[in-house]
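one predicted model, sequence on top.
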Amino acid sequence: MTYAEALAILGIDAGTDKKSARRAYLRLVRDHKPEQDPDGFQRVRSAWELVEGRLTASAWAAEPVRRAPPRAPPREPVPVAVHRPPVPAPPTAPPEAPEPPEPPPDEVPVSDEPAPWDVPVPPDADPFTLDDPPSEVPEPAPWDAPPDPDPRAWTVEPWEPESDAPPAPEPDVLAAQALEAAEIDGEIALDALRRACEAALDGHRPEPSISTVLQTVLTLHQAGDAKTANAAWRVASRWIDGSGAGIRIGNHAAVWLALGRELSDLPVHFPAEVRRRIAEAVLEHDPAGAQQDLLALYRSRPHVALDAADLLEAYTPNLHKMFGGFLRDPAGNQVPPPRTDDEQQRGSSGFNPTLLVYLAIVVLTIGLRVCVAGNRSTTYTPSYYTPSPSIYMPPPIEPLDFDVDALLRSYRTTDLNLPTLALCLEGFNHPKEACDIATRLREAAEANDCETALAEREKLLAVPHAPPPPLSEGSDLLDTGAQIQRISKAVDTQCRAGDQSAP
Amino acid sequence: MPPETEPAIVGIDLGTTYSLVAILLDGVPTVLPNAIGEHLTASAVSLTDNGEVLVGPPARARVATHPGRTAIAFKRDMGSEKRFDLGLKQYTPVELSAMVLKVLKRDAEAALGRPVHEAVITVPAYFGEVQRQATKNAGEIAGLKVERIINEPTAAAMAYGLHEKDREIQAVVLDLGGGTFDVTVLEIIEGVIEIQASAGDARLGGEDFVDLLADHTAKRIQEQHRVDPRDVPRAAARIREACEGAKRRLTLSPSTTIVIPGLDIGTARPVDIELPLDRDEAEVVWQPILERLKAPMMRALRDADLRPEQIEEVILVGGATRMPCVVRLAANVFGKMPRRTLPPDEAVAMGAAVQAALKQGDASVEDVVVTDVAPFTMGISTTTTVGAQRVEGIYAPIIDRGTVIPCSRTKRFYTVEDLQKAITIQVYQGEHPMCRDNTKLGQYTVSDLPPKPHGEQGVEVRFTYDLNGLLEVEMRVIGTDRAEHLLIEQAPGKLTKVDIEKARAEMEKLKFHPRDSLPNTTAIQRAEALYVELTGDARERLGMALAGFRAAIESEDQQEIDLRRALLNQMIASYG
């Protein structure tokens, strides 16, 4: 079938736009229904597909700009960047940059956000095929929100011929590299983290995730290298505070961030093994194990433990609250006990006072742990229960089959007339003393009797009302006070704003 | 409209949990009632103690009391060879579905007063060729001619579009039934209902919600009593039934209690379970399923090249869409409140009735025009050379999913060896890039090719897919006039005529419970199931009513029977 034949079948001419052509196709489909006339339908459909393909392709060719890929790696910014308005402009390349004569810039965005599943078309792809272009970049998961429109996306970056230098990696890649390097070599990790944070502050996207950065810092602490770790934290905190990333995380993560911050506030001469242990605890979100280890440290090397505890108390109140107690004698005795290992080497027989002290410590620890850990209830929590659900649920929507009008009538106060007010008062039943007044008010309202209504209203306002009923009963979400206020306002509006008349 | 004496084509919604039969009467799709006067017939089959086959509500009532003799939710395994225990014998899902269809046919004939020989049956949009064939086989074993299988969301779209023909609207139909989830994007424009894309999950439905809740409850019971109740099958069945009820109650109120008295979980004495459950906790338990609901929606939108904002209306169909969390999710994804303009349980059957009428050429649906799309991709297996390496079994799609049907597509394929004599066209259906992960539909070898160097002799393959799901393959040797045909009728899972006759004879031998006594049997079964769950006064009263009913049946006094049955049903409704 040639294009001319297809146009003839559809009954349109060559200049028709896509929408009208589609309507022409659909009108024809009504005459050649797939059930009744499959061959005719197929002919019409083939004609339409040909025309549609051509119209779509010509729309592509006519488009001066192509859409930006959703996650293109940011190039090194050209010294002179041209800012264009998002309206499709004629394709003129910026005169300053060296440009090849042929291909138009292929990374210029348009004003609307790219759809999450748009993939970039390689510059040599044939625009006339109907096949999907091969996907070059990984698609974001369908339930992720589309990436935020980046204000820097308006920059036109000219197309360069392939350069030897690879493009600068994104900040999150750098941060991931930093995390990997942190276990091996602190210097490399610090360098990578510094580059990541500076790139993020410069506005390169995608931003590193706070947890990666925090984990890098904590791993450096865990490696025992205090100087590097503190330097890393300074770099990271410059980014976190500068970009406001710290505000966007949840409460849960904020706690760990604060602990990481405190760990980096500790001076360099803080005992390395304690630092290591605390860093491990924060990394694994498991302070209980660390508490036990620190207690063991206290028993074996109490001087080290007490030094650590004093430094914690001086520099880091939260860490002190968590771990200080275990670095000191839980019984509160500030004086270090005699060296137990020497005594044990001397041998013990019979009653051993240090053994008693040891038992006392163990018992107190268990007791402390139970009290500190809180009252665990015996209800079962499923393994996939997270304290904060990861998908956002909007607030409950009213069930669909309810009488909208009645509900609106009962709660809207601006247009309440007295008979409707009467309807509203039907559901009013707290507190008990007000019920009679409400009944009389209702009767007055039904009878359109303003004087009585006003009098009753005064009485109603004088009633001390009970606290709001618990929400779980589900019936009335407003508290009594608000209801009374609302009713009184309604009576006011109706009776005082001239003579009302029943509708 | 066909005259009263002509045999009718009905539309059947063969669902995972419930099935319905509907027909277009006077231009209105009407659901036909079953033997006990209800519209929904449970897709359940059970064997009574005297070897009779019970289908429908009485069988459903026996799930908790006789789990070893009752089969439910077999649609999910349609097309596979999994066997279900029914007493001492085992049956495949095709046979069980055939039993359900036979009873549906019987009830439809009784309701209409004329014979029913042909039906249009719906399947989930995501069903592959094997499962569609299995459904057709089931219909034929039951004595129905099944020429057309349509997708459930298409049926729902047709039921919806029947009333909205005069508007122009871009809509999405979300069908969350008992076992499957389907999403269809459609546009009604110029009076044509154009289905634009279809996606879904064949193993996601209301039953999964119940399963998760039952697991959660079993774990809570285990916490309390240190014994896993799932080890006892009867206990597992009872817990499941209780969770099903709890799930429904949570739709209406924000909190409920799961009450299972006298549950025998293998401890010394039976325990009484009373666990509170509120909606928030249930929604956290259901979170994995709710996440899974999003993927098909985005895929369908992507196939249709639309964004969620461009959808003007969201229609919810299927019983499980009553749940507030599902409604919220749909509202969240599309940014607008979904509507339930059609009765959620009946919409698909109504659409099937419309399709049946269309097939018959019924005048009342003369102006209904629907274009449907291919539900899956079809192609052949090819070999590619990458450098010096040859890779075989690569899938070359010829008809993409989402192509408007009926359609025809052609592609050329060439030889890989010099002087190659034959090319084997292996036809596959599926979406995976390697053929080994797709479903093979058939093959044909074109031989006696003219001898030429590799890559110079080709065969042009043309796939034609029609509305009935028949794939026709035409192979033309390029350069000659030779053409070969292959009709993919012999799809895998398709039973030959002999097999079907055999299966039908087998089914004739089965004794089906007589239709007339079905109301009585249903009432007794439901009362028995409820008796197990009640305690105290209510249980005594129910027991007495049940005994009185049984006595009435013995006495054979019809009026007495009807009276007592009505009383019993009323009790079941108020206590259950």
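Structure's in. What do you need?

host element of the closest residue to chain A within chain B?
Closest residue of chain B to chain A, Cβ to the nearest Cβ: B:Met298 (3.4 Å). C-beta coordinates here come from the backbone N, C-alpha and C atoms, glycine included. Element membership of B:Met298 [criterion: DSSP states H and E] is helix B:287-304.

and the contacts of the helix or strand following that helix?
As assigned by DSSP H and E, the chain's next helix or strand after helix B:287-304 is strand B:313-317. For strand B:313-317, the external contacting residues (Cβ atoms under 8 Å, 6 or more residues apart in numbering or on different chains) are B:153, B:156, B:160, B:169-176, B:326-327, B:330-331, B:334, B:336-342, B:344, B:347-348.

and strand B:313-317, how far out from the chain's middle?
19 Å (Cα atoms, centre = their mean, to the nearest Å).

in the helix ranked longest in chain A, what counts as buried?
Taking DSSP state H as the criterion, chain A has its longest helix at helix A:38-62. Buried residues in helix A:38-62, counted by 16 or more other Cβ atoms under 10 Å in any protein chain shown: A:38, A:40-52, A:54-55.

how about it, does it get close to chain B?
Yes. Applying Cβ under 8 Å from any Cβ of the partner chain, one finds helix A:38-62 in contact with chain B at A:38, A:41-42, A:45-46.

for the buried residues of helix A:38-62, which one is nearest chain B?
Nearest to chain B, judged by Cβ to the nearest Cβ, of the buried residues of helix A:38-62 is A:Pro38 at 5.0 Å.

and for the residue lying closest to that closest one once chain neighbours are set aside, the neighbour number?
Spatial nearest neighbour of A:Pro38, excluding adjacent residues (Cβ to Cβ, 6 or more residues apart in numbering or on different chains): B:Pro406 at 5.0 Å. The number of residues packed near B:Pro406 is 21, by other Cβ atoms under 10 Å in any protein chain shown.

same thing with A:Pro353?
10.

any idea how far it lies from chain B?
From A:Pro353 across to chain B, the span is 42 Å (Cβ to the nearest Cβ, to the nearest Å).

then A:Ala6?
Taking Cβ to the nearest Cβ as the measure, A:Ala6 falls 15 Å from chain B.

which element is that residue on?
helix A:3-10.

before we move on, what about B:Ala197?
strand B:192-201.

same for that strand, what does it pack against?
helix A:18-31, helix B:152-163, strand B:181-189, helix B:287-304, strand B:369-373 (3 or more Cβ pairs under 8 Å, 6 or more residues apart in numbering or on different chains; DSSP states H and E).

let's see 6 Å
For strand B:192-201, the elements it packs on are strand B:181-189, helix B:287-304, strand B:369-373, judged by 3 or more Cβ pairs under 6 Å, 6 or more residues apart in numbering or on different chains; DSSP states H and E.

so what are the sheet partners of it and their directions?
strand B:181-189 (antiparallel), strand B:369-373 (parallel) (DSSP bridges).

export it as CSV, just CAs?
Extracted in CSV, the C-alpha atoms of strand B:192-201 (Å, rounded to 0.1, in the frame of the first residue of the first chain):
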residue,chain,number,x,y,z
VAL,B,192,-15.3,3.5,19.1
ILE,B,193,-14.0,1.8,22.2
GLU,B,194,-10.3,1.6,21.5
ILE,B,195,-8.3,-0.7,23.8
GLN,B,196,-4.9,0.8,23.8
ALA,B,197,-2.9,-1.4,26.2
SER,B,198,-3.2,-4.3,28.6
ALA,B,199,-1.0,-5.5,31.4
GLY,B,200,-1.4,-7.4,34.6
ASP,B,201,-0.3,-9.9,37.1
